[in-house]
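> Here's a sequence, model it:
(2 chains)
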Amino acid sequence: MKQAKWILISGSLLLAGCATSNPFTNIPVEDRTGRPVPSTTPAPVVTPPSGVIVTPVDPGLGVTIPGEVPVVRMQRELPPADEVWQPVTPQTRTPTAPSAPSAPTPSLPENTAVVALLEAARSDTNSGDLRGAQSRLERALRISPREPDVYYELAEVKRQFGQFLDAEQVALRGVGVAEGQSAQLRKLWILISQIRTEAGDLAGAEDARERASKF
Amino acid sequence: MSKKRVKTTRRRGQNQKKSTGSAIFKWIFAAFLKLSILGAVFFAVVLIYVDGQVREKFEGKRWALPAKVYARPLELYPGQSISIQDLREELTGLGYRFVSAAQGPGNVEVANNRVRVITRGFDFPDGAEPQRRLMLEFSGERLQRLYDEARNETLPLVRMEPIQIGGIYPHSNEDRDLIRIEEAPPFLKEALLVVEDRDYYSHHGISIKGISRALWVNIQAGRFVQGGSTLTQQLIKNFYLTSDRTLSRKLLELPMALVMDFRYEKDEILEAYLNEVYLGQSGTRAVHGFGLASQFYFSRPVTELELHQVALLVAMVKGPSFYDPRRNPERALQRRNLVLSMLRDHGHISDAQFQEVAALPLGIAQARSLHKGAYPAYLDLVRRQLRKDYRDEDLSSEGLLIFTALDPLAQSRADQSMVTVLNDLEKRHGARGNDLQGAMVVTDPQTGEVLAVVGGKDTRYEGFNRGLDAVRPIGSLAKPAIYLAALEQGYTLASVLQDTAINMRLPNGDVWTPQNFDRQIYGSVLMHRALARSLNLSTVNLGMEIGLPKVVDVLKRLGVERDIQLFPSMLLGAQGMSPIEVAEMYQTFASNGFRMPLRSIRMVTTAEGEELSRYPFQLRQQVDAAYVHLIQYAMQEVAREGTARSIYQRLPTSLNVAGKTGTSSDQRDSWFAGYAGNRLAVVWVGRDDNSQLPFTSTGGALPVWIEFMARDKPEPLVAARPSGIEYVWIDEETGLRSDPLCQGSRQLPFITGSAPQLSVDCGQHPSVNTPTPVEPSSGWLRNWFR
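Residues are numbered from 1 along each chain as shown, chains lettered A, B, ... in the order given. Predicted structure coming up:
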């Protein structure tokens, strides 16, 4: 009895909205949902400030073709190595500059930590502990932000929470990360299609389904 | 005072002797009876009052507990990029002891490539991390293997405990760290009882023996020198009463002690005592309880205290200021050893043990080694975020746990980079380099978490936080937004811009004549080059062509929330922004067009670990990834060939960073914003009085940024090519299509189909100067991209 009274703090924090059924409706998360800003702010004045006089120049649109005179250049053997500089896709992680010290390998999909977190998150989801799953997936995201599976699972958790907009955006980010990985892209677009269907965006869902079928 | 009281009693006794006679006796008897009843009633009332008081305090919320703010817990996993030195720094922050043979929690043993750590474990809100005996195997700057020696298993992942980086304190300025009695280290109870209250477990809240002894000592001394207080009385004194040594206090204290002892178990009262007792002062904050005192004096949890440390804390109960081991080490040592000798005299330790322990030094941690106080700028950000969602009194009294994203390693690297470079600049520029200030915000571009904030050159200063509040013109940092707006309007990186003189009459009649930094005019310039070289005239011409509202729209979508004035000078960054606002904007570039609100807090829980709110990973696509890819290419060019070329003199080219320099007009602000794979950093260098600097972006902010990236060793930026992007060979001078075989050609990314059709001629094709198909016809060139 005495021990029972020994609870240090009642823990009865009166935080508005803690009792609502949707766990996210009133949680003080960022209000800045990042929707297109102009909807909340007055549209900027379209006319340029009066009185501004630009000296007459022709800024051109990149189509200022120097007449019909052909531009002639000398030929070269091969382009200098450092000019053949192009961003690489995750599959072909070739170092851009051969002389550069070996770069630390970016977190790989077979990262055991991420695999363990994904497995635990799936079992959380199966047992209905969506918040537990969400925590684990965010840990996985911090460790391996280029792993499409993490975005897939996180989007799936958000979908189950009924947060369709968030779910769709996370999945779309996954698509960006999965660039070039057909199986992952297919999976993600199927999920996006499902999310859009549940959110009532049937045209969007159809579009996503079509994209999925391309992979 | 005690003396006076004794005298009064004696005089009353003499008066009674004088009074005689039966009538008087009768009267006295009746009076005595009435008085007794009155007394009994009075006594009962007092008892009820006292009982109520005791219960209210003991069973209610006993203490206003400050919120505890934690850094991110360090995750350890095979393949992780972390050096032994990094781990060392983290463990030092956690108060681990580096020993030759790890035995208990909080011990570390470092060998060449292996580290043995006995972790303490931590109850995270999403699950407990057990205590473990870990063997960590490193290979260079990488963790190779994690092995739990106690459970004989290889682990995929372990979370260390988070470093507590601060608290949010109540107005009383009391700070404490609650402990349970089972957590008391060996000898704490024994030492406390031997020194303060030997009959604790046998008395009933007050000790007649103790009071008489005190009385005797006081009478002899002729003044108050000793209190006969039991631990129960001391607790009551601290709980309910002022510390004045008045008679009324003493009179109320006695029944309260009796009631408390009657109502509660000895260990419950002792536990309350362990948490209540005042043990020192940390600036304006009072240090209460053994839990916090252990952190304050030894930088480790109370459970890990050793005998000599326990003895010192017990010694300090008598007078925390008088026996302050930092200010009066001699005195403290003497009294500590007195406590140790009392433990020996009462048979708790052997003489050999005494001899050994009494020879030990005090072993006090440096006051500054406490991580509290090391992160004022970051905590400021956390507090501002919390105040949007919580009431001040809840933050300072409910013992909330606040889990933040602060990365202590990144923060200390940011601090050191800022201090090192600013000192260096002041030395190099002499008097013209005086009073430099700086600010920095570091984020993880993939998650939107804020990892570190530097608020000024004095990184421990709790005042003006330049990272959040220094709103300064961003200069050329605005340019990527303008070029992005142009790309969305159909321009390409190969569009030809006009870098020509401009005169503009402003609404107020002034004439604005922007100039390039070097006061040159470059004529026709390709767009990617204009951005890489940060040309002002081309930018203003471009911005006026596409229109200011379009530029503002892009800025808003990128994450700028403040109102932006629609003046042409906005195109050259006349708009003031704080470093954290710039970070939010560049974050959107770094995450391929997805805007992520910057987050410093991950979760807030009750003291028991129950979740109150979480701040989840959220994002919204604001710009098509393809356009961001183009802008990012140009920002990578800034580092490769443009204004920030000095980056690769120090950093490996494989890092592939993207960034932009910025210098405000008249050279009052030096900015750099840029990112690698998992780090984005925005640096501002300038002066509080807004005076001119002896350097531009590349001389002030950029060196700080480079220093930070060199120390932090981030992962390289992987710029995956999104769908809808093709790379085409372009003639550098004209922006026409070209060929790898032609001189003066380079590859540029384009939205598929937007590359110029007309080509230069170097004899690469049989048919010259006819529009070439969009896809490169030759097979080998196509293979170039696979």
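
> Touching, B:Pro740 and B:Ile730? I think so.
No - the pair B:Pro740 / B:Ile730 is not scored as a contact, 10.9 Å apart, by C-beta atoms under 8 Å. Bear in mind the C-beta positions are built from the backbone N, C-alpha and C, glycine included.

> more neighbours, these two?
B:Ile730 (28 against 19; other C-beta atoms under 10 Å in any protein chain shown).

> longest helix in the chain, by residue count?
Chain wasn't specified; assuming chain A. For chain A, the longest helix by residue count, based on DSSP state H, is helix A:182-198.

> not quite, I wanted chain B
helix B:22-59.

> Return the list of helices and strands in contact with that helix.
Other helices and strands packing on helix B:22-59, by 3 or more C-beta pairs under 8 Å, 6 or more residues apart in numbering or on different chains; DSSP states H and E, are helix B:231-240, helix B:247-263.

> Can you give me the buried ones in the shortest one?
Buried positions in helix B:231-240, judged by neighbour count with 16 or more other C-beta atoms under 10 Å in any protein chain shown: B:231-237, B:239-240.

> hmm, that helix in reach of chain A?
No - with C-beta under 8 Å from any C-beta of the partner chain as the criterion, chain A is not reached by helix B:231-240; the gap is at least 14.5 Å.

> and that helix with helix B:22-59, angle?
70 degrees (axes from the mean of the first three to the mean of the last three C-alpha atoms, to 10 degrees).

> for helix B:231-240, what is the average pLDDT?
For helix B:231-240, the mean pLDDT works out to 84.

> got the contact list for it?
By C-beta atoms under 8 Å, 6 or more residues apart in numbering or on different chains, the residues outside helix B:231-240 that reach it are B:53-54, B:57, B:62, B:192-193, B:196-197, B:200, B:205-206, B:227, B:229, B:243, B:249, B:253-254, B:256-257, B:260-261, B:269-270, B:272-273, B:276-278.

> Now, of those, which are buried?
B:53-54, B:57, B:62, B:192-193, B:196-197, B:200, B:205-206, B:227, B:229, B:253, B:256-257, B:260-261, B:269-270, B:272-273, B:276-278.

> and B:Leu400, what is it in contact with?
Contacts of B:Leu400 by C-beta under 8 Å, 6+ apart are B:67-68, B:390, B:394, B:604-607, B:612.

> Can you check those residues and name whichever has the most neighbours?
B:Val604 leads the contacts of B:Leu400 on contacts (other C-beta under 10 Å) with 28 neighbours.

> which neighbours does the host helix or strand of that one have in its sheet, and in what orientation?
If you go by DSSP states H and E, B:Val604 is part of strand B:601-605. Applying DSSP bridges to the sheet, strand B:601-605 is found paired with strand B:401-404 (antiparallel), strand B:611-614 (antiparallel).

> quick one: average pLDDT of that strand?
The model assigns strand B:601-605 a mean pLDDT of 95.

> again with stretch A:150-157
Stretch A:150-157 comes out with an average pLDDT of 97.

> Flag every residue of the stretch 201-350 of chain B that's near chain A.
So far as C-beta under 8 Å from any C-beta goes, the stretch 201-350 of chain B lies against chain A at B:264-265, B:268.

> Now, of the residues you listed, which are buried?
Going by neighbour count (16+ other C-beta under 10 Å), those have B:264, B:268 buried.

> Could you provide the residues of the stretch 201-350 of chain B next to chain A in CSV, with additional columns for pLDDT?
Compiled in CSV, these are given as follows (pLDDT from 0 to 100):
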residue, pLDDT
B:Tyr264, 91
B:Glu265, 92
B:Glu268, 90
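
> ok so, going back, so which of the contacts of B:Leu400 comes closest to B:Val760?
Closest approach to B:Val760 among these (C-beta to C-beta): B:Val604, at 61.5 Å.

> didn't the closest one look like it was pressed against B:Ser613?
Yes - the criterion here is C-beta under 8 Å, and B:Val604 meets it with B:Ser613 at 5.0 Å.

> Mutual contacts of those two, please.
Common neighbours of B:Val604 and B:Ser613, using C-beta under 8 Å, 6+ apart, are B:Asp389.

> Out of the strands paired with strand B:601-605, which is the most enclosed?
strand B:401-404 (a mean of 25; mean count of other C-beta atoms under 10 Å in any protein chain shown).

> Mind listing what's buried along the next helix or strand after that strand?
Proceeding C-terminally, strand B:401-404 gives way to helix B:408-429 as the next helix or strand, assigned by DSSP H and E. For helix B:408-429, a neighbour-count test (16+ other C-beta under 10 Å) marks B:408-415, B:417-419, B:421-422, B:425-426, B:429 as buried.

> would you list the helices and strands packed on helix B:22-59 in a markdown table and tack on distance to A:Glu198?
Shown next, in a markdown table, are the helices and strands packed on helix B:22-59 (distance: least, C-beta to C-beta, whole Å):
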| stretch | distance to A:Glu198 |
| --- | --- |
| helix B:231-240 | 57 |
| helix B:247-263 | 58 |
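
> Which among those helices is found nearest to B:Thr459?
So among the helices and strands packed on helix B:22-59, helix B:231-240 is nearest, using C-beta to C-beta, at 36.8 Å.

> Only alpha carbons, please: show that closest one as CSV.
Output of helix B:231-240 as CSV, limited to C-alpha atoms (Å, rounded to 0.1, in the frame of the first residue of the first chain):
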residue,chain,number,x,y,z
LEU,B,231,17.4,12.2,9.0
THR,B,232,13.6,12.4,9.3
GLN,B,233,13.8,15.8,10.9
GLN,B,234,16.3,17.0,8.4
LEU,B,235,14.1,15.9,5.6
ILE,B,236,11.1,17.7,7.2
LYS,B,237,13.1,20.8,7.7
ASN,B,238,14.0,20.8,4.0
PHE,B,239,10.5,19.8,2.8
TYR,B,240,8.2,22.0,4.8
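
> what's the angle from it to helix B:247-263?
Using the same axes, to 10 degrees: helix B:231-240 against helix B:247-263 is 110 degrees.

> how about the helices in chain A?
Along chain A, counting by DSSP H, helices occupy A:112-126, A:130-143, A:148-161, A:164-177, A:182-198, A:202-213.

> what residues does the shortest one touch?
Taking C-beta under 8 Å, 6+ apart as the criterion, the residues outside helix A:202-213 that touch it are A:185-186, A:189-190, A:192-194, A:196-197.

> which residues in the stretch 501-650 of chain B form helices?
B:527-532, B:536-546, B:548-558, B:579-590, B:625-640, B:647-650 (DSSP state H, counting those that start in this stretch).

> same check, this time on the stretch 351-500 of chain B
B:351-358, B:376-389, B:392-397, B:408-429, B:466-469, B:479-488.

> Tell me which of the ones you listed approaches chain A most closely.
helix B:376-389 (3.3 Å; C-beta to the nearest C-beta).

> So is that closest one next to chain A?
Yes - using C-beta under 8 Å from any C-beta, helix B:376-389 reaches chain A at B:388-389.

> With only the CA atoms kept, save that helix in PDB.
Output in PDB follows, covering the C-alpha atoms of helix B:376-389 (Å, rounded to 0.1, in the frame of the first residue of the first chain):
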ATOM      1  CA  PRO B 376      23.500  26.800 -25.500                       C
ATOM      2  CA  ALA B 377      22.600  27.600 -29.200                       C
ATOM      3  CA  TYR B 378      21.100  24.200 -29.900                       C
ATOM      4  CA  LEU B 379      19.200  24.100 -26.600                       C
ATOM      5  CA  ASP B 380      17.800  27.500 -27.600                       C
ATOM      6  CA  LEU B 381      16.400  26.000 -30.700                       C
ATOM      7  CA  VAL B 382      14.900  23.100 -28.700                       C
ATOM      8  CA  ARG B 383      13.300  25.400 -26.200                       C
ATOM      9  CA  ARG B 384      11.700  27.600 -28.900                       C
ATOM     10  CA  GLN B 385      10.200  24.500 -30.500                       C
ATOM     11  CA  LEU B 386       9.000  23.200 -27.200                       C
ATOM     12  CA  ARG B 387       7.400  26.400 -26.200                       C
ATOM     13  CA  LYS B 388       5.100  26.200 -29.200                       C
ATOM     14  CA  ASP B 389       3.700  23.000 -27.800                       C
END
